[in-house]
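Asks: need coordinates for the below:
(one chain, ligands or ions: 1)
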Amino acid sequence: MKIRAIWNDLMRLLFPETCVLCGKSLIESEDIICLHCLYRLPRTNFHNDRENRVEKRFFGKIAVEQASSLFYFNKGSDFRHLIHLLKYKDRQDVGETLGRYAARELLQQGAFSDIDCIIPIPLHKKKERKRGYNQAECIAKGMSEVLKKPVELNGVHRVKANNTQTRKSVLQRWQNVQEIFELKDATLLQGKHILLIDDVLTTGATMEACAVVLLQVDGVKISLFTLAVA
Ligand SMILES: [Zn+2]
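Replies: Numbering: from 1, shown residues only. Prediction:
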C-alpha cells in the first residue's frame with residue numbers, strides 16, 4: 001500500500017467525508033456526492049436525441065457536430081447548489097468530480113467519442129483572477145481524465161468580459177461576437193474536433209461566440225457540452 005493511500009484512509013477515518021447535498025457519510029467509491037443524490041439529479045438524456053433542445057438552440061447559427069447538457073438547472077434543484085459551490089465557494093473539486101461523472105455517462109452512451117481535445121470556455125483574465133480559477137476548466141479537467149483527451153488552453157482566449165448581445169441588430173451582434181474571443185494559437189487547433197464546454201447553458205450566446213471564432217480555423221469541427229441547461 002502506498003503511503004498516500006494509507007494517509008487517505010487515515011484522514012477518512014478521522015474526518016469522514018460527507019455528501020455535499022444530503023450530509024450523509026460517503027463510502028469509498030463515492031466522491032463528493034453520494035450515489036443516492038447523484039442518481040436523483042434531474043437528467044436530460046439529451047445525448048440520445050440528435051435533435052435535442054440544446055442542439056436546436058444553435059440551429060442556423062453555427063455548424064455543430066453534437067450538442068448536449070446532462071442535467072436540468074431548475075430553481076431550487078440540487079444541481080443549482082452544486083454549481084453554487086463550484087462558482088462561488090472555491091470548490092474546484094466539485095467541478096472536477098462532476099466532469100468525471102458526466103464523462104463516464106457520456107462515454108457509456110457513446111456520445112462525443114470522436115473528439116480530439118476539450119476547450120473550456122475561457123473567462124476574462126480579470127474575472128479569473130478574482131475567482132482564482134475558471135470553473136469550466138475544472139469540469140474540463142475531470143472530463144479529460146475519463147475521456148482521455150487533452151484540455152487545450154492555448155487555442156483561444158477571452159478579450160472581453162461581458163456579453164452584451166441583446167437588443168442588437170444581426171450585424172451589430174455579429175461584430176460583438178467577434179470581439180469577445182480571440183484566437184491565441186490557431187496552429188494548435190487545425191483539423192481538430194473540439195469539444196467546447198461550460199458549466200451552464202442559458203442563452204447559448206457565449207458558446208456561440210466562442211465557437212464562431214474557433215470555426216475560423218482550418219478543418220475545425222465543434223461539439224458543445226454543458227453540465228446543465230437552464
Ligand atoms: Zn447525498
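Asks: how does this structure divide into domains?
Replies: 1-39, 41-229 (automatic domain parsing).
Asks: can you confirm whether the first one lies near the ion?
Replies: This means domain 1-39. Yes. Against the ion, domain 1-39 shows contacts by C-beta under 5 Å from the ion at Cys19, Leu21, Cys22, Cys34, Cys37. C-beta coordinates here come from the backbone N, C-alpha and C atoms, glycine included.
Asks: reformat those residues into TSV and put secondary structure, distance to Leu196 and neighbour count next to each item.
Replies: TSV is the format used below for the residues of domain 1-39 next to the ion (DSSP: H, G, I helix; E, B strand; the rest coil; distance: C-beta to C-beta, whole Å; neighbours: other C-beta atoms under 10 Å):
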residue	secondary structure	distance to Leu196	neighbour count
Cys19	coil	30	18
Leu21	coil	28	19
Cys22	coil	32	12
Cys34	coil	31	21
Cys37	helix	28	18
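Asks: tell me which of the domains of the chain is the most buried.
Replies: domain 41-229 (a mean of 18; mean count of other C-beta atoms under 10 Å).
Asks: what residues does the residue most central in space within the chain make contact with?
Replies: Centroid-nearest residue in the chain, with C-alpha atoms, centre = their mean: Asp198, separated by 3.4 Å. Going by C-beta atoms under 8 Å, 6 or more residues apart in numbering, Asp198 touches Pro120, Ile121, Ala136, Ile139, Thr206, Met207, Thr226, Leu227.
Asks: so among these, where is pLDDT lowest?
Replies: Across the contacts of Asp198, the bottom pLDDT score, 88, is held by Thr206.
Asks: which SSE is it in?
Replies: Using DSSP states H and E, Thr206 sits within helix 205-214.
Asks: skip ahead from that helix and say which helix or strand is next.
Replies: Following helix 205-214 in sequence, per DSSP H and E, is strand 221-229.
Asks: cool, thanks, talk later.
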